[in-house]
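Participant: the sequence isn't on hand, but the structure is:
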């Protein structure tokens, strides 16, 4: 049996369980985030059929000719909708581009009253007419599961369970379909995705079509992450780290190149980056600022932080 490098929790115990089940889930989730930074989630409510259909649609889109895909790379959107071509994005601390191309699908729901709409139109593909619509189905399923996880995180932080609800309704979440093409020549110091932390509150990831995902643990050791079938993987992003003044840490991770004998194999990966509305205040929570843990961040909204990070990774000029 393959050794698990990350713990696993059962989301149905929080959504449908009794008070003891819910309390145990919150404790296990918090422990995983503090000790490892990643956690596997089963019984998450996202159907395997839907995931499989979107993987199939993604393979179809990325298999289109390059000039066709480039029709759907729209200027002025900072990669937040539609296609982003190979070699455009890089990690914040790196000038070397990642070995990937990707397509992003965003929010279509209006936010709660009192928040300005950040909605941009999604990009639909003439040559793959079911790609974006299937992605939106998956987007909504991820958003539902993510909302349950954020409720548990709020309880772990001694906040009202519904603390995040109003911020994520109509928020700036992104479903990203990532294609790592076959490696055809010796990479110039590049790997499929250089080490980085995610920008958002939490990331939900369904298993990729090939291995390569690694996390940097608390002992500064790289560990392989290989989810079991029908399992999603969750990690904390920079916005939640900022809000909690480093009480919940954003976990460094990367996607390494396969062994040379597997360079011919492409890799598909589908993360969901759960973002709040732009107006959410990311000022460190008072309960997370102490004499032993003084305030580490300047006050900033989620929109301001997103804009800053998109510039740092090369998607916004």
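Facilitator: Thanks, I have it. On a predicted model such as this, the values are computed, not experimentally measured, just so you know.
Participant: for residue 305, give me its contacts.
Facilitator: Taking C-beta atoms under 8 Å, 6 or more residues apart in numbering as the criterion, residue 305 is in contact with 199, 238, 239, 242, 282. Using the backbone N, CA and C atoms, a C-beta is placed for each residue, glycine as well.
Participant: how about the second one: what's its closest non-neighbour residue?
Facilitator: When you say that, I think you mean residue 238. The shortest distance from residue 238 to any residue that is not its chain neighbour, by C-beta to C-beta, 6 or more residues apart in numbering, is 4.7 Å, and that residue is residue 250.
Participant: where does the worst-scoring helix or strand of the chain on mean pLDDT sit relative to the chain's centre, distance-wise?
Facilitator: Ranking every helix and strand in the chain by mean pLDDT, DSSP states H and E puts strand 193-196 at the bottom, with a mean of 81. For strand 193-196, the separation from the chain centroid amounts to 13 Å (computed by C-alpha atoms, centre = their mean, to the nearest Å).
Participant: which residues of the stretch 151-300 of the chain fall in helices?
Facilitator: In chain order, the stretch 151-300 of the chain shows helices spanning 165-168, 238-243, with DSSP state H, counting those that start in this stretch as the criterion.
Participant: out of these, which is the most enclosed?
Facilitator: Burial among the helices of the stretch 151-300 of the chain, expressed as mean neighbours by mean count of other C-beta atoms under 10 Å, is greatest for helix 238-243, which shows a mean of 23.
Participant: I'd like to know which elements that helix is packed against.
Facilitator: Using 3 or more C-beta pairs under 8 Å, 6 or more residues apart in numbering; DSSP states H and E, the elements in contact with helix 238-243 are helix 302-312.
Participant: in the helix it packs on, what's buried?
Facilitator: 302, 303, 305, 306, 309, 310 (16 or more other C-beta atoms under 10 Å).
Participant: separation between the third one and residue 203?
Facilitator: Using C-beta to C-beta, to the nearest Å, we find residue 305 at a distance of 15 Å from residue 203.
Participant: now do the fourth one
Facilitator: Using C-beta to C-beta, one gets 14 Å for the distance from residue 306 to residue 203.
Participant: ok, back up a step: so can I have a markdown table of the buried residues of helix 302-312 showing pLDDT and distance to residue 54?
Facilitator: Shown next, in a markdown table, are the buried residues of helix 302-312 (pLDDT from 0 to 100; distance: C-beta to C-beta, whole Å):
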| residue | pLDDT | distance to residue 54 |
| --- | --- | --- |
| 302 | 94 | 26 |
| 303 | 91 | 28 |
| 305 | 92 | 28 |
| 306 | 89 | 24 |
| 309 | 84 | 26 |
| 310 | 82 | 24 |
